[in-house]
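Chemist: Give me a model of this one.
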Amino acid sequence: MRFLRTLLFPLLALTSFALARSSTGDSVLVLLDPSLKKENYSIFFGDLEKKGYKLTFRSPKDTTPEIIKDDVAQFAHVVVFAPETKTFAADVTPQSLVSLLSKNMNLLLALSPKQTPLTSLASEFSLILPPPGTPLISHFPKRDTPATLIPVQPPRAHHVISDNLAPVWFSGVPQSLGHNPMLIPLLNAPPQAFASDADSDSGADALVEAAEKSGEGLWAGSSLSLVTGFQTLSNARATWVGGVEMFSDEYINKEISKGVKSGNRDFARDVTAWTFQESNVLRIDSVEHNLVNETLPGETYTINDQVTFTAFISKYDPEIGWWRAYSDIDDMQLEFTMLDPHIRTSLPPVEGEPGMYAVTFRVPDRHGVFKFNVDYKRKGWTYLTSTSMVPVVPPQHDGYPRFLSAAWPYYAGAFSTSAAFILFVALWLAGDDRELKKNKGAKAE
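Modeler: Below you'll find the predicted structure:
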């Protein structure tokens, strides 16, 4: 297996240049609202096409091209730039968009402060939106732009967003995050920003009243998310953006300060790369388990056996469109479980063996059907799951040691009893013979 991985990788890497940049496919359906002009987003769409994506544009109300045909997905990704559309075709209703994720399709959706079907869909992803007509505003820093057009600093040291990006221009609606572990905030609001009326702060009273009724808290501060990712258990991804203008040519070309361009273009690249499963995509190529000093996998194991479990993990590289061995996971665990984990241990990378993770442990003194279970879930990364079943049996009759050290008291008792019995019998027999000889001598006299 290791030989084949080493031999085939260079060949596959050479042929993969013709493959898609995404690990799931290169076809993209763009649902573009008629009020939005395609040429106003030419930089964003042009960057996708340069990567190798094939874009198909369609109005949200059109019925062709179909997203699903004969229960088969016709596209790998769907971009919904229809923030103010209130009527959609039958195949892009909120319910149908959720079903696309079950077919491993990825979604990029843009919201607006207006009430639309997408607003209802957002709640299905544990996103809580402020009342309609209350976009995010901020009066800091002092600038010439409207209060609804805010420069936001992307997060530092984020595993999805590149480091040292310039601030990005944002205009739109914030999202409050529910208690869902599948949510991944990609861009948070500035601490001094809050959701309110677009022209003044008069909407603050309505927000406070709504917050008191629903218990959601004040719509202000860095706890609000502006761009939020969502990853399902099947690893399909959906990203919610508070405003479609983030991807516009105007915001991409607009300067943050004199001579400093905005980071919207690079930020959009990072967001789409994650959403379309280019970045942070892992997979388990194979798993092996065997007795120590053996190579063939065991069909059964005996209690107290020393067993080695090995997993080979790779990461998708969009630059070559193929997978590379990945050894940078330092917090993965292995469970050896039967109903409950009997053993939970670290599964570290093997030094000098790219992509290999291995651990050796002693099989517990409990027989039954056990599972080798790897369940690695980290926000922003593909979930890694693997389950292998194996029976654990007691030793056979000739598998036990000849003598048990714990049984020496019993051995000593048995040997001493046997020795005493033999001695007693010997003495008894010898004593009876002497008495018989004495009786014979007395009769002769």
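Chemist: Off-centre distance for whichever strand or helix holds residue 240?
Modeler: Using DSSP states H and E, residue 240 maps to strand 237-241. Here strand 237-241 is found 15 Å from its chain centre; the criterion is C-alpha atoms, centre = their mean, to the nearest Å.
Chemist: Mind listing the strands that strand pairs with, and their directions?
Modeler: strand 106-110 (parallel), strand 225-231 (antiparallel) (DSSP bridges).
Chemist: Now do that strand, average pLDDT.
Modeler: Averaging pLDDT along strand 237-241 yields 97.
Chemist: now do stretch 29-38
Modeler: Here the average pLDDT along stretch 29-38 is 93.
Chemist: Name the residues of that stretch that come out as buried.
Modeler: Using 16 or more other C-beta atoms under 10 Å as the test for burial, stretch 29-38 gives 29-33, 36. Heads up, the C-betas are built off the backbone N, CA and C, glycines and all.
Chemist: TSV please, covering these and showing secondary structure and distance to residue 378.
Modeler: As requested, the buried residues of stretch 29-38 are exported to TSV (DSSP: H, G, I helix; E, B strand; the rest coil; distance: C-beta to C-beta, whole Å):
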residue	secondary structure	distance to residue 378
29	strand	30
30	strand	30
31	strand	31
32	strand	34
33	coil	35
36	coil	35
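Chemist: could those go into a markdown table alongside distance to residue 276?
Modeler: Output for the buried residues of stretch 29-38, formatted as a markdown table (distance: C-beta to C-beta, whole Å):
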| residue | distance to residue 276 |
| --- | --- |
| 29 | 12 |
| 30 | 13 |
| 31 | 16 |
| 32 | 17 |
| 33 | 21 |
| 36 | 20 |
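Chemist: the strands in the stretch 151-300 of the chain, which residues?
Modeler: With strands called from DSSP state E, counting those that start in this stretch, the stretch 151-300 of the chain shows them at 168-170, 176-177, 183-188, 194-195, 225-231, 237-241, 255-257, 260-261, 282-291.
Chemist: ugh, wrong one, I meant the stretch 1-150 of the chain
Modeler: Counting by DSSP E, counting those that start in this stretch, the strands of the stretch 1-150 of the chain are 27-32, 54-58, 68-69, 72-73, 77-81, 106-110, 127-128, 136-137, 150-152.
Chemist: Which parts of the fifth one count as buried, going by neighbours?
Modeler: Neighbour counts over strand 77-81 (16+ other C-beta under 10 Å) mark 77-81 as buried.
Chemist: Now do the helices in this structure.
Modeler: Along the chain, counting by DSSP state H, helices occupy 2-15, 42-51, 94-102, 117-124, 204-214, 249-253, 264-275, 408-444.
Chemist: just the CA coordinates of stretch 185-198, formatted as CSV?
Modeler: Only the C-alpha atoms of stretch 185-198 are listed here, as CSV (Å, rounded to 0.1, in the frame of the first residue of the first chain):
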residue,chain,number,x,y,z
PRO,A,185,-17.9,32.5,11.9
LEU,A,186,-15.7,33.8,9.1
LEU,A,187,-16.1,37.5,9.6
ASN,A,188,-17.3,39.2,12.8
ALA,A,189,-18.7,42.7,13.2
PRO,A,190,-16.6,45.5,14.8
PRO,A,191,-17.1,45.9,18.5
GLN,A,192,-18.7,49.4,18.0
ALA,A,193,-21.1,48.3,15.3
PHE,A,194,-24.8,47.6,15.8
ALA,A,195,-27.9,46.8,13.8
SER,A,196,-30.3,49.8,13.4
ASP,A,197,-32.2,52.0,11.0
ALA,A,198,-30.2,52.8,7.9
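Chemist: How far away from the center of its chain is it?
Modeler: With C-alpha atoms, centre = their mean, you get 27 Å for stretch 185-198.
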